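In: what follows is a predicted structure for the sequence shown.
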Amino acid sequence: MFFPQFRARRIRGSETFRRMVRETTLSVNDLIYPMFSAFGNGPRKEISSMPGIYQQSIPDIVAEAREVYALGIPAVLLFGIPEAKDAVGSDAYSDTGIIQETIRALKKEVPGLAVITDVCMCEYTDHGHCGIIKDGDVDNDATLELLAREALSHVKAGADMVAPSDMMDGRVAAIRETLDENGYDSIPIMSYAVKYASGYYGPFREAADSTPQFGDRRSYQMDPANRLEALREAASDIEEGADIIMVKPGLPYLDILRDLRNEYNLPLAVYNVSGEYSMVKAAAQKGWIDEERVVMETMLGFKRAGADIIITYHAKDAARWLKQR
């Protein structure tokens with residue numbers, strides 16, 4: 001059926017009808033808010049390249065978490081900035097590490113908020129890489145033991161879910177086995193299954209103080225040119241026990257999101273990363289774009305491509321805008 005019998009604008013002309021036939025919806029329940037925790041009691045430190053995002057002390061993290069929970073956002077994703085770093089990232093798996101202490105505070109003060117922790121070594125090593133260095137590169141198998149210890153320490157402190165982001169081969173299996181052996185078989189794993197070596201991470205490296213001191217991460221993060229490899233990476237993590245799989249970054253990899261949605265029926269997350277956030281913020285501050293409209297369009301784009309969960313620094317604003325609609 002074609003024009004003039006078919007007129008698509010008959011439906012588009014009414015806001016009520018547009019709502020009735022809308023194919024994709026966004027809910028506050030789809031959102032996870034990332035946070036950066038650091039020891040100390042001084043004023044929180046705004047990330048210069050990420051307006052509105054802070055490195056902050058545990059009391060400030062708790063205060064913002066209360067705000068997040070009041071907005072209806074169901075979960076936060078924690079990153080830690082330790083007081084001291086070393087070659088083996090000791091603070092990552094210390095019982096008194098920054099993330100472990102933050103988890104305890106959040107579960108005590110905001111018990112209804114789900115706490116998810118990033119499991120990686122890059123914030124904690126003095127060289128900024130995601131594991132143990134051997135012969136100038138990350139030793140995959142030696143790193144697995146430390147990642148498993150880190151995940152276990154987070155769960156013992158009260159984490160509701162762990163999210164390994166290191167991209168070591170076999171890390172989901174190592175973490176699943178360790179959690180199960182220690183009686184935490186009910187704790188889910190959200191795997192950064194498809195994580196590309198991306199230029200969009202720049203502002204995050206300032207936020208997490210995790211810039212590599214030499215080289216880059218291309219030997220363990222994925223080549224942006226590769227599509228089929230994403231299916232293999234996701235299949236491997238699913239086989240190893242991942243409960244949720246993730247694509248990171250988001251906007252340049254919507255095709256990958258759709259590929260994974262078509263291939264697998266596990267819950268699918270996407271990380272709307274720091275560079276994506278900062279570009280929108282910068283353009284909005286210049287008055288070049290309507291921030292609310294662009295952010296909400298972006299969130300719908302992730303959902304339309306197949307994401308069930310969106311990790312985004314825009315989460316608080318998006319939650320407020322959703323309430324107004």
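Out: Arrived safely, thanks for sending. Residues are numbered from 1 along each chain as shown.

In: pLDDT wise, what is the spatially closest residue to Q56 that is not a sequence neighbour at?
Out: The spatial neighbour of Q56 that comes closest, neighbours along the chain excluded (Cβ to Cβ, 6 or more residues apart in numbering), is R44 at 3.7 Å. From N, CA and C alone the C-beta is placed, and that goes for glycine too. For R44, the pLDDT comes out at 91.

In: relative to I58, how far out is R44?
Out: 11 Å (Cβ to Cβ, to the nearest Å).

In: these two: who's more crowded?
Out: Neighbours were counted for R44 and for I58 using other Cβ atoms under 10 Å; I58 has more, 20 against 17.

In: show me what contacts that one?
Out: Counting by Cβ atoms under 8 Å, 6 or more residues apart in numbering, I58 touches 37, 39, 101-102, 105.

In: kindly write the PyMOL command that selects the buried subset of those residues.
Out: Of those, the buried ones go into a single PyMOL selection, burial set by 16 or more other Cβ atoms under 10 Å:
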select buried, resi 37+39+101+102+105
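
In: point out the least confident one among the contacts of I58.
Out: Least confident of the contacts of I58 in the model: F39, at 92.

In: find the residue closest to it in space, skipping its chain neighbours.
Out: Per Cβ to Cβ, 6+ apart, closest to F39 is E83, 5.1 Å.

In: element containing that neighbour?
Out: Per DSSP states H and E, E83 falls between elements, in no helix or strand.

In: residues in contact with it?
Out: Residues near E83 by Cβ under 8 Å, 6+ apart: 39, 91, 98.

In: ok, 10 Å please
Out: Contact analysis of E83 by Cβ atoms under 10 Å, 6 or more residues apart in numbering lists 38-40, 91, 97-98.

In: next: L106.
Out: 35, 37, 58, 61-62, 65-66, 69, 76, 78, 113-115, 157-160.

In: over to E181?
Out: E181 makes contact with 148, 152, according to Cβ under 10 Å, 6+ apart.

In: same deal with A151?
Out: Under the criterion of Cβ under 10 Å, 6+ apart, the neighbours of A151 are 92-93, 117, 119, 159, 162-164, 171-172, 174-176, 178-179, 184, 187, 189.

In: using CSV, write out the CA atom coordinates for stretch 195-202.
Out: Taking Å, rounded to 0.1, in the frame of the first residue of the first chain, the C-alpha atoms of stretch 195-202 are listed here in CSV:
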residue,chain,number,x,y,z
LYS,A,195,35.4,-4.3,24.9
TYR,A,196,37.2,-2.4,22.2
ALA,A,197,40.5,-0.6,22.3
SER,A,198,38.9,2.8,21.9
GLY,A,199,39.9,6.4,21.8
TYR,A,200,36.6,7.1,23.6
TYR,A,201,38.1,6.2,27.0
GLY,A,202,40.2,9.3,27.4
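
In: how far is it from where the chain is centred?
Out: Counting by Cα atoms, centre = their mean, to the nearest Å, stretch 195-202 is centred 13 Å from the centre of its parent chain.

In: ok, stretch 221-240 next?
Out: Relative to its chain's centre, stretch 221-240 lies at 17 Å (Cα atoms, centre = their mean).

In: so which bits of that stretch are buried?
Out: 221-222, 230-231, 233-234, 236-238, 240.

In: what about A87, how many residues nearby?
Out: With neighbours defined by other Cβ under 10 Å, the count for A87 comes to 11.

In: contacts for the strand or helix carrying D259?
Out: Using DSSP H and E, D259 maps to helix 254-263. The contact list for helix 254-263 (Cβ under 10 Å, 6+ apart) reads 193-194, 196, 222, 226-231, 233-235, 238, 245-251, 253, 266, 268-270, 301-308.

In: tell me which of the residues you listed fall in strands.
Out: Among those, the members found in strands (DSSP state E) are 193-194, 245-248, 268-270.

In: neighbour count, pLDDT and distance to S210 added to these, as JSON lines?
Out: Output for those, formatted as JSON lines (neighbours: other Cβ atoms under 10 Å; pLDDT from 0 to 100; distance: Cβ to Cβ, whole Å):
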{"residue": "A193", "neighbour count": "29", "pLDDT": "97", "distance to S210": "20"}
{"residue": "V194", "neighbour count": "28", "pLDDT": "97", "distance to S210": "20"}
{"residue": "I245", "neighbour count": "24", "pLDDT": "98", "distance to S210": "23"}
{"residue": "M246", "neighbour count": "27", "pLDDT": "98", "distance to S210": "18"}
{"residue": "V247", "neighbour count": "30", "pLDDT": "98", "distance to S210": "20"}
{"residue": "K248", "neighbour count": "24", "pLDDT": "97", "distance to S210": "14"}
{"residue": "L268", "neighbour count": "23", "pLDDT": "98", "distance to S210": "25"}
{"residue": "A269", "neighbour count": "26", "pLDDT": "98", "distance to S210": "21"}
{"residue": "V270", "neighbour count": "29", "pLDDT": "98", "distance to S210": "21"}
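
In: all helices of the protein, in order?
Out: Under the criterion DSSP state H, helices of the chain are mapped to 9-12, 15-20, 58-70, 98-109, 140-157, 171-181, 202-208, 228-240, 254-263, 274-285, 291-305, 315-324.
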